[in-house]
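In: Everything below, folded, please.
(2 chains)
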Protein chains: 2
Amino acid sequence: MEFTINRSAFIKQLTDVQRAISSKTTIPILTGIKVVLTASGLLLTGSDADVSIETFLSVEDESNNLTIESTGEIVLPARFFSEIVKKLPQDTFSLTVTDGYQTEITSGSASFNINGLDANNYPHLPEIDTDDNLIFSGSILKQIISQTVIAVSNQESRPILTGVHFVIENGEFLAVATDSHRLSQRKITLEGANDAKYDVIIPGKSLVELSRMIDDSNPDIEMRISENQVLFILGNTSFYSRLLEGNYPDTSRLIPNESATGIEFSAPKLLSAIERASLLSHESRNNVVKLAINAAEQKVVIYSNSPDVGNVEEALEFSNLSGNDLEISFNPDYMKDALRSFGQTEIKVAFTQPLRPFTLVPTEDTTQFIQLITPVRTF
Amino acid sequence: MEFTINRSAFIKQLTDVQRAISSKTTIPILTGIKVVLTASGLLLTGSDADVSIETFLSVEDESNNLTIESTGEIVLPARFFSEIVKKLPQDTFSLTVTDGYQTEITSGSASFNINGLDANNYPHLPEIDTDDNLIFSGSILKQIISQTVIAVSNQESRPILTGVHFVIENGEFLAVATDSHRLSQRKITLEGANDAKYDVIIPGKSLVELSRMIDDSNPDIEMRISENQVLFILGNTSFYSRLLEGNYPDTSRLIPNESATGIEFSAPKLLSAIERASLLSHESRNNVVKLAINAAEQKVVIYSNSPDVGNVEEALEFSNLSGNDLEISFNPDYMKDALRSFGQTEIKVAFTQPLRPFTLVPTEDTTQFIQLITPVRTF
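Out: Below you'll find the model as predicted:
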């Protein structure tokens, strides 16, 4: 194998593939990156067995400046190879597999010789045996991921809750996640997906990595689902993730249908007030803030205290307060995550009882996106 | 005590004072910040017993927007107080010491009550019993610190080497540091200091903190020295550091007077090549790179290798190579630190023998700034 390539084009693809590679893997060859050169171009593969990423640098893409002397394949130590390529002196570099798996990397007057591994020992990628696909706008998919992964559980005791539940049916796409203390749910209409019917659970960690790869250069993303794998195709890059096995709990019955108290807030202003209150709650053993709603006086006050450090209270700005008086306590960190997911919008918060979950929705569109938080008993 | 003040002006000064405060202190009150309000303004003090920083917000400075209701003093938990002030909603905030040491901090509709401590229990600052001073340009002092602290030892086995040796004599200022493997020395002429004579050792850590406080708004810095303390005055801020006790070793005899081989390099280009070579040396047990100089062939090559990973070699760009052939090995991390301290300049490297220290100086001015590195024996 011998080729010359543009260094910055190569680094860009290498960085994406490296997302899949973990130094903590128990399979030594997976600390490496697989480099396969054919007459049509260069294929890079990285994997941690859960997520695999494959990207292709075509000989026909002039920005790659790819010159092929001879084809072949090799596995190179990923971290080290990437550090070398990033520090090389010139705009292009050459890579030659010489004796056995010895690999020479040259650029200008710098020449590295590193030990590679036999690519035949690299595990095979999962196979997706379907051409059925769904098309997402990159920016929408990125938004859906960011809105739902916040509620994914990081406890391995119920592995199924470490994933996001994707349900596609009747041309509608629903993503929901819950760690049993809070829940995030987003719905969209999926153009041209009327016949599609899927029900899968994708690990939250995989979606976070996928989301990091989505930028403005990925207008559309293709999703293909097989029995135990999902594949996302972003331009020249394929992102594979295993699916979580099992049945996701029925979350629809968790969302209350009616409310006893409703208030509207500016999401960023409420976020600032919660951040202030959480300074105190974080110093306390139980990390709780209290909201006191007085409908008659049209007053909403947030409280928190730590016996060692002190206390805080703040009268909140709001609009359209209606319904019953209420005192409710909750974990401010769940509230902060939820409020950040709304960005700079107005939101409507709906309560039923002090110990029943409450919901946050955008005032503009109250059905497509919902955040739910379970309160904390403080007495 | 009761006052109102501009929040951003206060935060700026608070940030400086916090540099002195360590959460690891064994004296609990030193995790606090001392706030003293007199009719002329607000004095903030932070200390870790080695370094103390004091800053003054004058009632006469309009940008402070300081309104004084009643004077007094209090010690507040530094980290927590600073987090509160940074998150307050309005441009100004009020602070009132109420019952005992209870302190109320209000801004807009947010109100914090935190527990303070009696300021009488806060240790007294060191006293500097001299008016003799030396004046440094802020940018020069910052440069001198960055050029010398790199060679300070971080081993407590020889505490004296954890400091930078400042010698002022005959209108000349000399700063030198060595960890016994390398040495950095900088000299400048100090205007109006003909009568001054000092010989002190300032902890490297103190100088690093001082350096972080120097920005473009500190054109001149005043330095005062007493028996066991040094004081730097930057505008309204006073920076105190204890001095290290003992005699600094005589470093002048370490610097060779003659050389057998001389070469000139571009500092940034040599730095890039050393960075590449160190990728390999860092994977190896002894972290060494080798330089081979061939005067007859006018060739300089750098090598490094790691038995596990591979090897690298690179022919270097240079000019004005003269003298004997040489093979010399050294720690590339010392070389990187030294080269970074020269910035974008041309440097001259002078060698005597493979196991004797070599020196780096700017080609433009070979006497005011010198970096010395001791080679490593590899056979």
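
In: Burial check on residue A:258, number of neighbours?
Out: Residues lying near residue A:258 (other C-beta atoms under 10 Å in any protein chain shown) number 6. All C-beta atoms are positioned from the backbone trio N, CA, C, and that covers glycine.

In: got it, and residue A:355?
Out: Neighbours of residue A:355 using other C-beta under 10 Å come to 11.

In: same deal with the one 5 residues further on?
Out: Other residues near residue A:360 come to 22 when the count uses other C-beta under 10 Å.

In: just the one 5 residues further on next, same as before
Out: Burial measure for residue A:365: 9 neighbouring residues, criterion other C-beta under 10 Å.

In: same check, this time on residue A:147
Out: Residue A:147: 23 neighbours (other C-beta under 10 Å).

In: what residues does the host helix or strand of it touch?
Out: Residue A:147 belongs to helix A:138-148 when elements are defined using DSSP states H and E. Here helix A:138-148 makes contact (C-beta atoms under 8 Å, 6 or more residues apart in numbering or on different chains) with A:164, A:175-177, A:184-186, A:188, A:207-208, A:210-211, A:214-216, A:218-221, A:234, A:341, A:369.

In: At the contact with chain B, which residues of the stretch 201-350 of chain A appear?
Out: Within the stretch 201-350 of chain A, the positions near chain B by C-beta under 8 Å from any C-beta of the partner chain are A:272-273, A:275-276, A:279-280, A:283, A:308-317.

In: Give me the nearest residue to whichever residue of the stretch 251-379 of chain A sits closest to chain B, chain neighbours excluded.
Out: At 3.5 Å from chain B, residue A:310 is the closest residue in the stretch 251-379 of chain A, using C-beta to the nearest C-beta. Closest residue in space to residue A:310, ignoring its immediate chain neighbours: residue B:114 at 3.5 Å, by C-beta to C-beta, 6 or more residues apart in numbering or on different chains.

In: Under the pLDDT cut-off, which ranges of the stretch 101-250 of chain A? List them.
Out: Across the stretch 101-250 of chain A, the ranges flagged by pLDDT under 70 are A:218.

In: pLDDT score for residue A:286?
Out: For residue A:286, the pLDDT comes out at 86.

In: Who does the residue of the stretch 1-150 of chain A found nearest chain B form a beta bridge with?
Out: Of all residues in the stretch 1-150 of chain A, residue A:114 sits closest to chain B, at 3.5 Å by C-beta to the nearest C-beta. For residue A:114, the beta-bridge partners under DSSP bridges are residue A:103, residue B:310.

In: can you count the residues close to it?
Out: 23.

In: Next up, the contacts around it.
Out: A:76-77, A:80-81, A:84, A:102-103, A:105, B:309-310.

In: Which PyMOL command selects the buried ones in those?
Out: Selection of buried members from these for PyMOL, criterion 16 or more other C-beta atoms under 10 Å in any protein chain shown:
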select buried, (chain A and resi 76+77+80+81+84+103+105) or (chain B and resi 309+310)
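
In: mind putting the contacts of residue A:114 in CSV, distance to residue A:251 included?
Out: As requested, the contacts of residue A:114 are exported to CSV (distance: C-beta to C-beta, whole Å):
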residue, distance to residue A:251
A:76, 44
A:77, 43
A:80, 45
A:81, 44
A:84, 48
A:102, 55
A:103, 50
A:105, 51
B:309, 49
B:310, 52
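
In: now, which of the contacts of residue A:114 sits nearest residue A:28?
Out: residue A:77 (10.0 Å; C-beta to C-beta).

In: In chain A, where's the longest helix?
Out: The longest helix of chain A (DSSP state H) is helix A:267-281.

In: Extract the C-alpha trace of that one and format it as PDB.
Out: Coordinates of each C-alpha in helix A:267-281 appear next as PDB, following Å, rounded to 0.1, in the frame of the first residue of the first chain:
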ATOM      1  CA  ALA A 267     -37.200  30.100  29.700                       C
ATOM      2  CA  PRO A 268     -33.800  31.900  29.900                       C
ATOM      3  CA  LYS A 269     -35.000  34.200  32.800                       C
ATOM      4  CA  LEU A 270     -36.400  31.200  34.800                       C
ATOM      5  CA  LEU A 271     -33.100  29.400  34.100                       C
ATOM      6  CA  SER A 272     -31.100  32.200  35.600                       C
ATOM      7  CA  ALA A 273     -33.200  32.200  38.700                       C
ATOM      8  CA  ILE A 274     -32.900  28.400  39.100                       C
ATOM      9  CA  GLU A 275     -29.100  28.700  38.600                       C
ATOM     10  CA  ARG A 276     -29.000  31.200  41.500                       C
ATOM     11  CA  ALA A 277     -31.100  29.000  43.700                       C
ATOM     12  CA  SER A 278     -29.100  25.900  42.900                       C
ATOM     13  CA  LEU A 279     -26.000  27.600  44.300                       C
ATOM     14  CA  LEU A 280     -27.500  27.100  47.700                       C
ATOM     15  CA  SER A 281     -29.100  23.700  47.100                       C
END
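
In: Which strands or helices does it pack on?
Out: In terms of contacts (3 or more C-beta pairs under 8 Å, 6 or more residues apart in numbering or on different chains; DSSP states H and E), helix A:267-281 is packed against strand A:289-294, strand A:299-306, strand A:310-315, helix A:332-340, strand A:346-351, helix B:78-87, strand B:110-115.

In: Out of the ones you listed, flag the one nearest residue A:23.
Out: For residue A:23, the closest of the helices and strands packed on helix A:267-281 is helix A:332-340, at 28.5 Å, according to C-beta to C-beta.

In: The closest one relative to strand A:289-294, how many degrees between them?
Out: Counting by axes from the mean of the first three to the mean of the last three C-alpha atoms, to 10 degrees, helix A:332-340 lies at 70 degrees to strand A:289-294.

In: List the buried residues for helix A:332-340?
Out: Buried-residue list, helix A:332-340, by 16+ other C-beta under 10 Å: A:332, A:334-339.

In: and the angle for it with strand A:346-351?
Out: Using the same axes, to 10 degrees: helix A:332-340 against strand A:346-351 is 140 degrees.

In: what mean pLDDT does helix A:332-340 have?
Out: On average, the pLDDT along helix A:332-340 is 97.

In: do the same with stretch A:85-96
Out: 97.

In: That one vs chain B: in contact?
Out: Yes. Applying C-beta under 8 Å from any C-beta, one finds stretch A:85-96 touching chain B at A:87-89.

In: Same question for that stretch: list its buried residues.
Out: A:85, A:87-89, A:92-96.

In: what's the farthest-apart pair in those residues?
Out: The widest separation within the buried residues of stretch A:85-96, taken as C-beta to C-beta, falls between A:87 and A:96 and amounts to 18.7 Å.

In: Now tell me what touches stretch A:194-209 from outside.
Out: So stretch A:194-209 is in contact with A:19-20, A:50-51, A:132, A:134, A:145, A:148-149, A:152, A:160, A:162-171, A:177, A:190, A:225, A:230, A:239, A:241-244, A:246, A:248, going by C-beta under 8 Å, 6+ apart.

In: Could you tell me how many residues sit around residue A:29?
Out: 15.

In: How about the secondary structure of it?
Out: Of the three states, residue A:29 takes helix according to DSSP: H, G, I helix; E, B strand; the rest coil.

In: Please, which helix or strand holds the residue nearest the centre of chain A?
Out: By C-alpha atoms, centre = their mean, chain A has its centre lying nearest to residue A:208, at 2.0 Å. Here residue A:208 sits within helix A:204-213, counting by DSSP H and E.

In: mind listing what whichever helix or strand comes after that helix pairs with, with the direction of each?
Out: Moving toward the C-terminus from helix A:204-213, the next helix or strand (DSSP H and E) is strand A:220-225. Here strand A:220-225 is paired, per DSSP bridges, with strand A:134-137 (antiparallel), strand A:229-234 (antiparallel).

In: May I see those organised as TSV, with mean neighbour count added?
Out: Shown next, in TSV, are the strands paired with strand A:220-225 (neighbours: other C-beta atoms under 10 Å in any protein chain shown):
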stretch	mean neighbour count
strand A:134-137	17
strand A:229-234	21
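
In: In contact with residue A:191, which residues?
Out: Listed by C-beta under 8 Å, 6+ apart, the contact set of residue A:191 reads A:135, A:171.
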